[in-house]
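>>> Okay, sequence plus prediction incoming.
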Amino acid sequence: MEKRMSLHRIIVDADACPVKVEIMTIAEQHHVHALFIASYAAYQSNSLSSSYVRSIYVDQGFQAADMYIANEARSGDIVVTNDYGLAALCLPRGCIVLTPRGKELHIGNVDELLEQRHLSAKARRAGQRTKGPKAMTLEDREKFQHELTKVLFR
């Protein structure tokens, strides 16, 4: 089977991304450039870098990493984020958006997800407790790797 060179870039909302190693591995294997965008608050002296992987640190200001990603993202880029607001900014630009669990976000589901996020925030402000995300499992990581690889070759 012949490997075809991908024209995509992977742009990662890296502040709390649980699949950094998986992304870096796939980027190296498939010769795809990956940008890990994080705030200086998440700075690591052993930043991810290689011939295909770069770490970029931005100001710690509110939404600084998200704004950098939204401004950097281009049609065909793959954006990895759990942030539905960021997804809503990137999708109209022609980006493909994946969550770290491998769920593809698109124009048809992001509005509903934003509404759910709004309702959960409203409930928390009213003093209600809401569930946080489940812990990442090996199956979640495998699904993400599968979906990212699939997106790279479609």
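Looks like it arrived, so ask away.
>>> Isn't residue 99 up against residue 109?
No. Contact criterion Cβ atoms under 8 Å: residue 99 and residue 109 do not qualify, at 11.0 Å. To be clear about C-beta, it is placed using only N, CA and C from the backbone, and glycine gets the same treatment.
>>> Have a look at those two and say which one is more surrounded.
Comparing residue 99 with residue 109 by neighbour count (other Cβ atoms under 10 Å), the higher total belongs to residue 99, at 21 against 13.
>>> Spit out the contact partners of that one.
80, 81, 82, 105, 144 (Cβ atoms under 8 Å, 6 or more residues apart in numbering).
>>> helices and strands of the chain: which one bottoms out on pLDDT?
Every helix and strand of the chain was ranked by mean pLDDT, DSSP states H and E. The lowest is helix 107-125, at a mean of 69.
>>> okay, whichever helix or strand comes after that one in CSV with CA atoms only?
On the C-terminal side of helix 107-125, the nearest following helix or strand under DSSP states H and E is helix 138-152. Extracted C-alpha coordinates of helix 138-152, given in CSV (Å, rounded to 0.1, in the frame of the first residue of the first chain):
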residue,chain,number,x,y,z
LEU,A,138,-6.7,2.9,26.5
GLU,A,139,-9.7,2.5,24.2
ASP,A,140,-10.2,6.3,24.1
ARG,A,141,-6.5,6.7,23.1
GLU,A,142,-6.7,4.0,20.4
LYS,A,143,-9.9,5.5,19.0
PHE,A,144,-8.3,8.9,18.8
GLN,A,145,-5.2,7.4,17.0
HIS,A,146,-7.5,5.6,14.6
GLU,A,147,-9.6,8.6,13.8
LEU,A,148,-6.7,11.0,13.4
THR,A,149,-5.0,8.6,11.0
LYS,A,150,-8.3,8.2,9.1
VAL,A,151,-8.7,11.9,8.8
LEU,A,152,-5.1,12.3,7.5
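>>> Buried by neighbour count: which residues of helix 138-152 qualify?
Within helix 138-152, the residues that count as buried by 16 or more other Cβ atoms under 10 Å are 140, 141, 144, 145, 147, 148, 151, 152.
>>> Can you classify the nearest residue to the fourth one once chain neighbours are set aside as helix, strand or coil?
Meaning residue 145. Leaving aside its sequence neighbours, residue 145 sits nearest to residue 22 (Cβ to Cβ, 6 or more residues apart in numbering; 5.2 Å). Three-state call for residue 22 (DSSP: H, G, I helix; E, B strand; the rest coil): helix.
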